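S.K.: Here is the input, now give the coordinates:
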Amino acid sequence: MDDLIDMMVSNESPADISDRIKEILMQKSAENIDIVRPLVAASMFGGPESESEEVPETTEDENYEEEEPSEEDAE
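M.R.: Numbers count the residues shown, from 1 in each chain. Down below sits the predicted model:
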């Protein structure tokens with residue numbers, strides 16, 4: 001980052017300064033991607049999940065209790 005400031009102070013070309021800013025941003029983005037990648041892979045492909053992310057696996061069918069018709073209704 002100091003080299004970027006030095007470039008600005010020494011009147012480097014705006015294109016060089018812009019390129020350096022892009023390089024710095026790409027480095028920071030790559031670091032963030034490396035941090036997030038395992039979490040995303042685990043959530044996408046069924047890796048280990050933390051306890052706070054657990055969701056009860058119920059379906060609509062399990063929550064619905066169908067009433068059987070009584071013999072009186074059948075007549």
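
S.K.: Average pLDDT for the one helix or strand Ser18 maps to, rounded please.
M.R.: Using DSSP states H and E, the element containing Ser18 is helix 14-45. For helix 14-45, mean pLDDT rounds to 92.

S.K.: Could you name the helices and strands sitting against that helix?
M.R.: Secondary-structure packing of helix 14-45 (3 or more Cβ pairs under 8 Å, 6 or more residues apart in numbering; DSSP states H and E): helix 2-9. C-beta coordinates here come from the backbone N, C-alpha and C atoms, glycine included.

S.K.: picking that back up, now the angle from the helix holding Ser18 to helix 2-9?
M.R.: 150 degrees (axes from the mean of the first three to the mean of the last three Cα atoms, to 10 degrees).

S.K.: Please point out which parts of helix 14-45 sit buried.
M.R.: Arg20 (16 or more other Cβ atoms under 10 Å).

S.K.: Can you tell me how far Ser18 is from Glu31?
M.R.: 21 Å (Cβ to Cβ, to the nearest Å).

S.K.: no no, Pro14
M.R.: The spacing between Pro14 and Glu31, counted by Cβ to Cβ, is 26 Å.

S.K.: Next: Met7.
M.R.: Met7 sits at a distance of 22 Å from Glu31 (criterion: Cβ to Cβ).
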